[in-house]
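Novice: Here is a sequence together with a model predicted from it:
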Amino acid sequence: SIAAIRRNAANARNAIKWGFGATVNGIPLAADVPEPPPGPNVKGVNVSVGMDTAVISVIWDRLPENVIFRDGANAVFYDGASDLAGYRIYRSEDFQFVADNQPKTFRGATWTLVKDIPYDSVSQYQYVDDGLQKYRFLDRSVRFDVPYGYYVSAYSKGGKSWTSANGTLVPNLPSLESGDYNKTGTVRAFVGPSTTFDIFVVPNPYVFNDPNRSFVNDPFQVVFRNLPKICTIRIYTLVGDLVRVLEHKPDALGNLSGSEAWDQKSTSGLLVAPGLYVYHVESHTPGVNGGKTGKLMLIR
């Protein structure tokens, strides 16, 4: 916005003014600004339950609570033990579609505030994972099989004074907040594995770019759901030509899921033609024997 541009321009002018004439190790300083708390290290994990509860666990460490920043007069400007005001959890669905033969790129240019947690309540039981000695927040406002990215910011208490490197005293500073530099990788909520064969495909029929019949931020994705934890999915044309084989199993971290995505590509990596396809799911899960055959329609 115009207001944000003007605010950033004023901040840039102040940064130059507060750094003018100062040196660091004999090198002239171009600008100087007070530091916000550091952003914690963050990761996101699927902890969904069954087929009806999509949940992503956002986990972050306590780095902002364990640092001290000093100003140009060597006075303590920020002490995490007393000056941290809280954490804010942000989520993004901003993934850029590049090409049919390339995965989407997570840009994270737009963010939605999911939760603001004041520091005096962050130690409550629902936010602390005692085993990891980290904080944990369960995001229940997500959808299955949609890609997300997260970051957690730390923000300080306002009203502090700060002395810049050139000796300028800056009183009554507002609360300062860390940025989005410690983002998670792509995180998805997956349904849990099933012991039945009530397997189905979403969306079915698939309709390109229809918000009710496609994953718009992942435009060619269709998803097999309610799968056993280990199985093989074979996709055929109506005349019996094998188009693609998908091997469904736990991921590299051992996480189980009951869903597997297909990008509508053949074994050769080409986007398949629209039309009706037949799929067959064969279980390799101990104690879950059998298979399921069904149909899916692609409309573009």
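Specialist: Cool, the structure landed.

Novice: which stretches of the stretch 1-150 of the chain form strands?
Specialist: 23-24, 27-28, 42-46, 56-60, 68-70, 76-79, 84-92, 95-96, 105-106, 112-118, 128-129, 134-139, 149-156 (DSSP state E, counting those that start in this stretch).

Novice: Can I get the ones you listed in TSV including distance to residue 1?
Specialist: (C-beta placed from N, C-alpha, C; glycine too.) TSV is the format used below for these (distance: least, C-beta to C-beta, whole Å):
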stretch	distance to residue 1
strand 23-24	34
strand 27-28	34
strand 42-46	27
strand 56-60	28
strand 68-70	30
strand 76-79	28
strand 84-92	18
strand 95-96	22
strand 105-106	24
strand 112-118	17
strand 128-129	37
strand 134-139	27
strand 149-156	20
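
Novice: next SSE after the helix or strand where residue 280 lies?
Specialist: Following DSSP states H and E, one finds residue 280 within strand 275-283. Sequence-wise, the next helix or strand beyond strand 275-283 is strand 291-299, with elements assigned using DSSP H and E.

Novice: I'd like to know which elements that following strand is packed against.
Specialist: Other elements packing on strand 291-299 under the criterion 3 or more C-beta pairs under 8 Å, 6 or more residues apart in numbering; DSSP states H and E are strand 200-202, strand 206-207, strand 275-283.

Novice: Can you name the residues bridging to residue 24?
Specialist: residue 27 (DSSP bridges).

Novice: avg pLDDT for the longest helix along the chain?
Specialist: Among the segments of the chain that qualify as a helix by DSSP state H, the longest is helix 2-19. Averaging pLDDT along helix 2-19 gives 89.

Novice: swap in stretch 118-134?
Specialist: 77.

Novice: on that earlier part again, I'd like the helices and strands packed on strand 291-299 laid out as TSV, including mean neighbour count, mean pLDDT and distance to residue 31.
Specialist: Shown next, in TSV, are the helices and strands packed on strand 291-299 (neighbours: other C-beta atoms under 10 Å; pLDDT from 0 to 100; distance: least, C-beta to C-beta, whole Å):
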stretch	mean neighbour count	mean pLDDT	distance to residue 31
strand 200-202	17	93	51
strand 206-207	20	96	52
strand 275-283	17	96	59
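
Novice: Contact partners for the residue nearest the centre of the chain?
Specialist: Centroid-nearest residue in the chain: residue 149, 1.6 Å away (criterion: C-alpha atoms, centre = their mean). By C-beta atoms under 8 Å, 6 or more residues apart in numbering, the contact set of residue 149 is 44, 91, 92, 93, 94, 106, 108, 183, 184, 185, 186, 187.

Novice: Tell me which residues touch the residue lying closest to it once chain neighbours are set aside, please.
Specialist: Distance criterion C-beta to C-beta, 6 or more residues apart in numbering; nearest residue to residue 149, sequence neighbours excluded, is residue 92 at 4.7 Å. When contacts are counted by C-beta under 8 Å, 6+ apart, residue 92 touches 106, 107, 108, 109, 110, 111, 112, 148, 149, 150.

Novice: For PyMOL, write a command that selects the buried ones of the residues you listed.
Specialist: Here is the PyMOL selection string for the buried members of the contacts of residue 92, based on 16 or more other C-beta atoms under 10 Å:
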select buried, resi 106+108+111+148+149+150
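
Novice: how about low-confidence regions in this structure?
Specialist: 50, 97-104, 123-126, 253-254 (pLDDT under 70).

Novice: Go again with 80.
Specialist: The chain contains residues with pLDDT under 80 at 49-52, 95-109, 122-132, 192, 195, 216-217, 251-256.
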